[in-house]
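Undergrad: Quick one, structure for this:
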Amino acid sequence: MTFLSSSTMGTGMGVATTPGAKVQPYITTIEWEMLDKRRFYPLSMCSSFTVRCFLYPLTLIRTRLQVQHQNALYKGTFDAYRQISKTEGYRGLYRGFWISAFQVVSGVAYVSTYEGVRHMLDSNGIKDTKVKALVGGSCASVVGQTVIVPFDVISQHLMVLGIAPRANQG
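TA: Numbering: from 1, shown residues only. Next up is the predicted model:
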């Protein structure tokens, strides 16, 4: 993680010590070793889960709108929300949510793999940051996608299950 900070007179504090002192911005990099992992992992997963809770109904609606064909069941996003809520209840907006929630782990796996590979390359004498980022990102993507894709496929199948019963009623 990189943050833009300011420093005065080389103190690194970011606070002016004398009136009128010129503040020079500098970049602070927070390395993986500096993070408290006991707090990072649970807070990261809690944050991702919270965002997923709020956005999942929109994902479900988008998925259903994308899979409908000429026999359009929904006229748009708000119509889909209204119909799903009316016919399946609000629980219908979260169909497949718990399977999808396992994807929260993939974010932690991605970051851990990325930083672990970068650290391993650094300890083996590779100092080029671009190479470390490329190799770390590639490895992290393989790990992340290995976790995400199976759960995403199952979750999407569960999302569209609510369409079949209503299509037979109409």
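Undergrad: tally of neighbours for Lys130?
TA: Using other Cβ atoms under 10 Å, Lys130 has 7 neighbouring residues. Every residue, glycine included, has its C-beta placed from N, CA and C.
Undergrad: Within the helices and strands, which one has it?
TA: Assigned by DSSP states H and E, Lys130 belongs to helix 129-160.
Undergrad: Please point out which parts of that helix sit buried.
TA: 132, 135-137, 139-140, 143-144, 147-148, 151-152, 155-156, 158-160 (16 or more other Cβ atoms under 10 Å).
Undergrad: A strand includes Tyr26, no?
TA: Yes: per DSSP: H, G, I helix; E, B strand; the rest coil, Tyr26 lies within a strand segment.
Undergrad: How much space separates it from Lys130?
TA: Per Cβ to Cβ, to the nearest Å, Tyr26 is found 21 Å from Lys130.
Undergrad: Ser44: neighbour count?
TA: 16.
Undergrad: where's it, which helix or strand?
TA: Taking DSSP H and E as the criterion, Ser44 maps to helix 37-67.
Undergrad: chain center to that helix: distance?
TA: 7 Å (Cα atoms, centre = their mean, to the nearest Å).
Undergrad: Quick check: phi and psi at Leu73.
TA: phi -90, psi -30 (degrees, to the nearest 10).
Undergrad: related to what we said a few turns ago, can you point out the buried residues in the helix holding Ser44?
TA: Ser44, Ser48, Tyr56, Pro57, Thr59, Leu60, Ile61, Thr63, Arg64, Leu65.
Undergrad: tell me which strands and helices the one helix or strand Tyr81 maps to is in contact with?
TA: Element membership of Tyr81 [criterion: DSSP H and E] is helix 77-88. Other elements packing on helix 77-88 under the criterion 3 or more Cβ pairs under 8 Å, 6 or more residues apart in numbering; DSSP states H and E are helix 37-67.
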